[in-house]
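A.B. asks: here is a sequence together with a model predicted from it:
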Amino acid sequence: MSVALLLRLLLPAAVLGLLYALMGVYASGQTLLAAMLLAVGALAIWTYSSPRTGALRYLFPGVAAALVFVVFPMLYTFGLGFSNYSARNLLDFERARAYLLEERIREQGSEREFSLHREGDGLRLLLTGAAGELLTPRFRPDAEHPQDLPLVAAGETLAAPLAMAERVALLPALRALRLRDAAGQVYTLSSLRELAQSRPLYVEAADGALTDQLSGTRYQPDAGEGFYTSASGEQLQPGYRVNVGWRHYARVFTEPRFRAPFLSVFVWTAVFAGMTVLLTTALGLLLAVLLNWEDLRYRTTYRTLLFLPYAVPGFISILVFKGLFNQNFGEINAILDALIGVKPAWFADPLLAKIMLLIVNVWLGYPYIMILCTGLLKAIPSDLYEASAIVGAGPLTNFFKITAPLVIKPLAPLLVSAFAFNFNNFVLIALLTDGRPDFLSTKIPAGQTDILVSYTYRIAFKDSGSDFGLAAAISTLIFFLVAAMSLINLRLMRKTQQ
Amino acid sequence: MAIVRGKQARWRVFAAHAVLWIFLALTLFPLLAIVSISLRPGNFATGHIIPTEISLEHWKLALGLPYQASDGSLVQPPFPVLTWLWNSIKVATLSAFLIVAISTTAAYAFARLKFRFQTPILNSMLLLQMFPPVLALVAIYAIFETIGSYVPAFGLETHAGLVMAYLGGVATHIWTIKGYFETIPVEIEECAKVDGATHWQAFSRVLLPMAVPILMVVFVLAFIGTIIEYPVASVLLREEGNLTLAVGSKYFLHDQRFLWGDFAAAAVLSGLPITLVFLLAQRWIVSGLTAGGVKG
């Protein structure tokens, strides 16, 4: 009962807290995030305050975590795919506009020297020069928040001025100062020794256009591109975030200089995943059959040792291979050099790099298939083999006529999952080759061993430009490919169950 | 099986052993090589796979101790390996703990309570797990950037944020625990309810103590799953002192600064415990692997 009472007391506080957080997020323009917060927050409050939500009380944490960290990022990715969110268009419109309106130009010849004086726990700034001395009230240096201070005629006695070294330490705080004299002129820091009058670089017209005070150029906000743009097409930095519709998708499918590398990355992704599944299955099934053979001794020991590659954390074994395959310092080339006198360039040659990726991935992946097949082999009734022994069939006939057909069917959905996993095997590519060697002469850098996800990662986080919008659009395409694979998977699973 | 074997059988067994030995030699070579490299002086291949002299310099550096080189200069550790290990353990322990807590309660609801859309909810959660978080990295980055501007403790470059990001992947664990709950007879809880226990008491006082083994298994699985996670951690964490082991390790093998020996020691130091835990938990991991696909 006391718990219920406590909950009842906490309820108004929770509602208020949620509303407060919602206001803040919504006001900053993150509509999608605000909607998510509203949905999850309201569900939480209803779940734990209503007496009629028995099962949901237990379910809520898990469901909420899945909603917030799996479903929401997916929806958000779809949304970002239609925006121009990137390093050049990072801010929303209001913040970009405020940034541009903050830019100031210095009035030539208005520079005046200044000195700083300590007073109490604050500072006072004294402007000197022929036009008379001007003084600020006491202020606290604060680099984070811009301060507006009035300037008045000086007449008081001040402490000794601060030394230059102390002034240097205060520079960030001094940059945030805007001093206004009686005539309304604004002084800002122009150098270590001087302040100068300045005025805004851009003046905003009633229709929202910005006029450059030096050149007189008018910049009109362009909601299609996300930039303030002049009549001659000049764009002001920074740009802002806008909806660009299907542009990224159109680019992926129609722009020839983009389509060519994208297509080859896609083809390699499919080949990589397909070959991996094929080779690991062949090897895993072979080993499982071999270890299922009762005449063979030490089978458990073999199985444990063969399982080892799967037990070592992936990020370590991949990096171990990266070192072993190194062209000059790696042990593999040292052995090859000693045996047959070659030192292949595993990382510089595209074909060798691809072969290396497959070797490493088969090493990483065969134990999984082996373990799965071992389980499936146990389920095959042994009288089938007894019958085949009576008609005098050899081991090969047994394998192809009995074992393989009976194992492949339940294995099929798992192989589709393995294909989907390797289709998105980001860790292997990122840690081993990082997508290199790169294609020459592509508009956006792309690597010969990049798979779609690592290519996306590169567009978003690696190369200058950080084109989050384009990366999100490609991610969306991959989502649909994975969804298609899941459907195939479900079909196969249903078939197996029948 | 009562099968008559021909004379060839003995040769076949011998051939099978030979094939397995050769295959094992190739497979285990990287693992044995890395141990030997970690004990070899210097960062470059010397032409011997088995070290001719044993040197503990890389191990000292991996443990954060400076090392006196032969020319008398003091070599400082290149990277804070122990800090990274600690970060990894901290994040993985916290995530695993929270994941167990969240998925246990959800599994209880799925196993014992009746409610609408029971199967669709569970199925859609399992289906969602098919989409790896690496596809939504941009969104995850943007989300934590936004969260950080309101609650800095959960933003980018924080371990709390990373732990939160890991909480989404609970569906498979819910499935595992639900399967175990269903093997425990429901009558025991019903007896407790007859004696006046509420749902919550029946769950926390009766069912949970009986389910401790599976909770430990899920804890280990979640722990390993998060300690080896790379993509999300690499996006959320960038500062050197903040990294987890999975993100930091790759800096040893930079093209211009190839610290092969130092990496080897760090890899053995951090990889060995995880490998051992994995091998111990192998039985359950394997049954978890096959549970989804084969039994349906």
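C.D. replies: Yep, it's here.

A.B. asks: now stretch A:427-444, how far from the centre of its chain.
C.D. replies: Relative to its parent chain, stretch A:427-444 has a centroid offset of 17 Å by C-alpha atoms, centre = their mean, to the nearest Å.

A.B. asks: ditto for stretch B:127-146
C.D. replies: The chain centroid and the centroid of stretch B:127-146 are separated by 19 Å under C-alpha atoms, centre = their mean.

A.B. asks: what are the buried residues along it?
C.D. replies: B:128-144 (16 or more other C-beta atoms under 10 Å in any protein chain shown). The C-beta positions use only the backbone N, C-alpha and C, and glycine is treated the same way.

A.B. asks: quick one: contacts for the residue of the stretch 101-250 of chain B found nearest chain A?
C.D. replies: The minimum distance from the stretch 101-250 of chain B to chain A, using C-beta to the nearest C-beta, falls at residue B:168 (3.0 Å). Residue B:168 is in contact with A:65, A:66, A:68, A:69, A:70, B:133, counting by C-beta atoms under 8 Å, 6 or more residues apart in numbering or on different chains.

A.B. asks: grab the nearest non-local neighbour of residue A:349.
C.D. replies: residue A:437 (7.5 Å; C-beta to C-beta, 6 or more residues apart in numbering or on different chains).

A.B. asks: quick one, phi/psi of residue A:246?
C.D. replies: The phi and psi torsions at residue A:246 (degrees, to the nearest 10) take the values phi -90, psi 20.

A.B. asks: kindly apply the preceding question to residue A:243 instead.
C.D. replies: When read as degrees, to the nearest 10, the backbone of residue A:243 gives phi -80, psi 130.

A.B. asks: okay, now it: neighbour count?
C.D. replies: Residues within reach of residue A:243, counting by other C-beta atoms under 10 Å in any protein chain shown, total 13.

A.B. asks: helices along the stretch 151-296 of chain B, start to end?
C.D. replies: B:159-166, B:171-183, B:187-194, B:199-201, B:208-210, B:212-227, B:231-236, B:245-248, B:260-280, B:282-290 (DSSP state H, counting those that start in this stretch).

A.B. asks: quick one: buried residues of the helix or strand containing residue A:44?
C.D. replies: Assigned by DSSP states H and E, residue A:44 falls within helix A:31-49. By neighbour count with 16+ other C-beta under 10 Å, helix A:31-49 contains the buried residues A:33, A:34, A:36, A:37, A:38, A:40, A:41, A:43, A:45, A:47.

A.B. asks: ok, now stretch B:150-170?
C.D. replies: B:154-156, B:158-159, B:161-170.

A.B. asks: so what's the residue count around the closest residue to the residue of the stretch 101-250 of chain B closest to chain A other than its chain neighbours?
C.D. replies: In this structure, residue B:168 finds its nearest non-sequential neighbour in residue A:69, 3.0 Å apart by C-beta to C-beta, 6+ apart. Residue A:69 is flanked by 21 other residues according to other C-beta under 10 Å.

A.B. asks: pull the contacting residues for residue A:69.
C.D. replies: For residue A:69, the contacting residues are B:133, B:140, B:164, B:165, B:167, B:168, B:169, by C-beta under 8 Å, 6+ apart.

A.B. asks: same thing with residue A:127?
C.D. replies: A:112, A:113, A:114, A:133, A:134, A:135, A:151, A:179, A:187, A:195.

A.B. asks: give me the number of residues near the closest residue in space to it that isn't next to it in sequence?
C.D. replies: Nearest residue to residue A:127, sequence neighbours excluded (C-beta to C-beta, 6+ apart): residue A:134, at 4.3 Å. Residue A:134: 22 surrounding residues under other C-beta under 10 Å.
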